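> please work out how this folds:
(one chain, ligands or ions: 2)
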Amino acid sequence: MGLMIDSLKQKMRKKEMILEQILSKERSSSQIKSQLMQNKSLKTIELGERWGLENRVVFRNPSVPLIYQMSMQQGQECGTRGDSINSTGALVAYSGKKCGRVPKDKRIIIDSVTEKDVWWGDVNIPLSKESYIEVERIALEYLGSQEKLFIIDGYAGWDIKHRLRIRVFCTRPYHALFMKNMLIRPNEEELKKDFNGDVDFYIFNAGPQIIQKHIEGVTSEGCVAVNLIERKMVILGTQYAGEMKKGVFGVTHYLFPKQGILTLHSSANEGEDGDVTLLFGLSGTGKTTLSADPKRKLIGDDEHAWSDDGIFNIEGGCYAKCVDLSKEKEPEIFNAVKFGAVLENIEYYSYSNRQVDFSNISITENTRVSYPLEFIPGAKFPAQGTHPKNIFFLTCDAYGVLPPVSLLTPEQAMYHFISGYTAKVAGTEVGVKEPQATFSACFGEAFLALHPTLYANMLAQKIKQHHTNVWLINTGWTGGKYGVGQRMSLKYTRAIIDLIHCGQLKNAQFENFPIFNFKIPKSAQDIPTEILNPRNTWINSNEFDQQLKELALKFMVNFKKYEDKATIDILNAGPKL
Ligand SMILES: Nc1ncnc2c1ncn2[C@@H]1O[C@H](COP(=O)(O)OP(=O)(O)O)[C@@H](O)[C@H]1O
Ligand SMILES: C=C(OP(=O)(O)O)C(=O)O
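Ligands and ions are numbered 1, 2, ... in the order given. I've put the predicted structure just below:
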């Protein structure tokens, strides 16, 4: 034992000497130098070596300025443009060829346990253990071959009873800052207590490395392989940072329901009276935008869990879409673009004054900013809340026929949760260039590990127990389908949400919206009455009726695959032609 410690100490000293050399070459301030030395510990070396990683320089939980410094030094590596700092102090980085998730490259390791419980199919494509070993080997070899290695430790889950300890290994500084933002940052004491040895889940992000050989079950140069039983995840061939946060989400979708905790692809906020709202929605449907509400405390923008004690955020930060971001329309998010935030795949108006152009989508429609929760004024800490009073299903209807707001019965809520009708907006997934109507079970099918009806049954039970109201909100098109009509006004969507929060809409006079049999308000303060029934917003009512019927038919066809698992009441809650 003593010999082992001596040899580790010797290695540590050797690395410290190399680090000294690097630092003295670089004109680094003494402050940064001392931060670096503090970060170096015997443990740091062990952490990498546990996985055969013997990099010359290891940064464990580096400070934000240090990440910036390393980012600036990185230059144009990894086939992407070099990182830079924008006029408001955010770190600007590029993910290269892939600017969105690649669901077709996601693999789940099949073993004797997962074989029986994972929801196998297009969402969860199996990969053998042998192939996983090869994929992991390539990733570790890449990570170990780079001069600098970053290690980020953080929790997933604000509820200390249920949180998971996550450790990320990566070589791009921007990935390190991204995960520092997105995980819950442990304090010194927690770091010592919870992150001294093995953790609950490891991410090996070797995104810059592509796969150049045949591996059974791998069908492209990229692979995002999740090993649920050994609690590890490997990323190869994509540098889009969103893969990491959604990877963690996928793992919670497997582990949490086994403890009776429901995982939710939703944002959440809290009113002055402590009332909690959940906003479910697929990417780009408004979870982040609508949850950042100055009248309410933000709990989180994307990934939550619902236990017997209430809801908690899984993340420590937000990852907002930036397309057309403006101070006028979304001031909270706009102001979060500052020192410590990461801007991904964004263009400048002018490279010399470093002002970013949020309207420029020449790199991708999926431009993003990641920032810690505390960048949103009045965010709630700890990011937890009581059982929700209201739930919004945000649907981005590309056909422009669903009402801006409908009150659902509990059975309709289940039917629409399982259906998850919405649109994939451009960019978040590679290959999606314009809004594409889709049915995404639980409004987040891509992240489900188990069968959708399992999550739906848990939601049904919780809604019933806590008397939660469920509303369907169309944040998509009105006045015609995509290309003809226009996107629902953000101002009106916000006004509708305000009316629900103050209790006014629940007491409005309702009328029946045909075929879908939704309750829609006849009038609502501050909202033009004609928009409440979308039929009024179409120039040609016959075309509207036809489109509505076609959509109903799509619902019916889609629901066929759930028929054997749904109750009669839920089946009856669907649209009727
Ligand atoms: N009526 C609307 N409701 C919500 N978002 C809207 C609306 N109209 C346009 N948007 C835009 O749609 C995008 C929603 O993105 P975001 O809130 O980040 O989605 P998510 O968090 O669900 O991925 C933002 O760019 C927002 O400005
Ligand atoms: C980051 C993603 O999702 P969201 O837009 O919901 O944050 C994603 O799907 O890659």
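
> output the below-cut-off pLDDT ranges for the protein.
1-46, 75-79, 427 (pLDDT under 70).

> what are the ranges of the helices in the stretch 251-400 of the chain?
With DSSP state H, counting those that start in this stretch, the ranges of helices along the stretch 251-400 of the chain come out as 287-291, 331-335.

> dump the ones you listed to CSV, plus distance to ligand 2 and mean neighbour count.
For the C-beta atoms, the positions are set from N, CA and C on the backbone; glycine is no exception. Putting the helices of the stretch 251-400 of the chain into CSV (distance: least, C-beta to the nearest ligand atom, whole Å; neighbours: other C-beta atoms under 10 Å) gives the following:
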stretch, distance to ligand 2, mean neighbour count
helix 287-291, 6, 26
helix 331-335, 12, 18
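
> so which of those helices is nearest S419?
In terms of C-beta to C-beta, the element of these nearest to S419 is helix 287-291, at 18.1 Å.

> tell me the helices and strands packed up against that closest one.
In this structure, helix 287-291 packs against strand 266-270, strand 276-281, strand 297-300, strand 317-321, strand 390-395, helix 490-501, with contacts taken as 3 or more C-beta pairs under 8 Å, 6 or more residues apart in numbering; DSSP states H and E.

> can you rerun that using 10 Å?
strand 266-270, strand 276-281, strand 297-300, strand 317-321, helix 331-335, strand 390-395, helix 490-501 (3 or more C-beta pairs under 10 Å, 6 or more residues apart in numbering; DSSP states H and E).

> okay if I get the ones you listed as a markdown table plus distance to ligand 1?
Listed next are these as a markdown table, based on distance: least, C-beta to the nearest ligand atom, whole Å:
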| stretch | distance to ligand 1 |
| --- | --- |
| strand 266-270 | 6 |
| strand 276-281 | 5 |
| strand 297-300 | 10 |
| strand 317-321 | 4 |
| helix 331-335 | 8 |
| strand 390-395 | 7 |
| helix 490-501 | 4 |
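
> in CSV: the ones you listed, plus distance to P186.
CSV is the format used below for these (distance: least, C-beta to C-beta, whole Å):
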stretch, distance to P186
strand 266-270, 22
strand 276-281, 25
strand 297-300, 18
strand 317-321, 14
helix 331-335, 26
strand 390-395, 31
helix 490-501, 34
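
> reformat the helices of the stretch 251-400 of the chain as a markdown table; add distance to S95.
A markdown table is the format used below for the helices of the stretch 251-400 of the chain (distance: least, C-beta to C-beta, whole Å):
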| stretch | distance to S95 |
| --- | --- |
| helix 287-291 | 19 |
| helix 331-335 | 20 |
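
> figure out which of those is closest to M488.
helix 287-291 (11.3 Å).

> output the closest one as PDB, restricted to C-alpha atoms.
C-alpha atoms of helix 287-291 as PDB (Å, rounded to 0.1, in the frame of the first residue of the first chain):
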ATOM      1  CA  LYS A 287     -40.200  24.800 -22.100                       C
ATOM      2  CA  THR A 288     -37.300  27.200 -21.600                       C
ATOM      3  CA  THR A 289     -38.900  30.300 -22.900                       C
ATOM      4  CA  LEU A 290     -42.200  30.000 -21.100                       C
ATOM      5  CA  SER A 291     -40.700  28.800 -17.800                       C
END
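
> ok now it, how far from the chain's centre?
The chain centroid and the centroid of helix 287-291 are separated by 12 Å, computed with C-alpha atoms, centre = their mean, to the nearest Å.

> what residues are up against the residue in the chain positioned nearest to ligand 2?
Ranked by C-beta to the nearest ligand atom, the top residue of the chain for proximity to ligand 2 is S283, at 3.1 Å. Residues counted as contacts of S283 (C-beta atoms under 10 Å, 6 or more residues apart in numbering) are 100-101, 242, 246, 265, 302, 319, 321, 366, 396, 422-425, 427-429, 432, 440, 443-444, 446.

> likewise A156?
If you count contacts by C-beta under 10 Å, 6+ apart, A156 has them with 162-166, 182-184, 200-201, 245, 248-249, 251-252, 255-256, 303, 305, 313-316.

> do the same with Q547
By C-beta under 10 Å, 6+ apart, Q547 lies in contact with 399-401, 480-481, 534, 538, 540.
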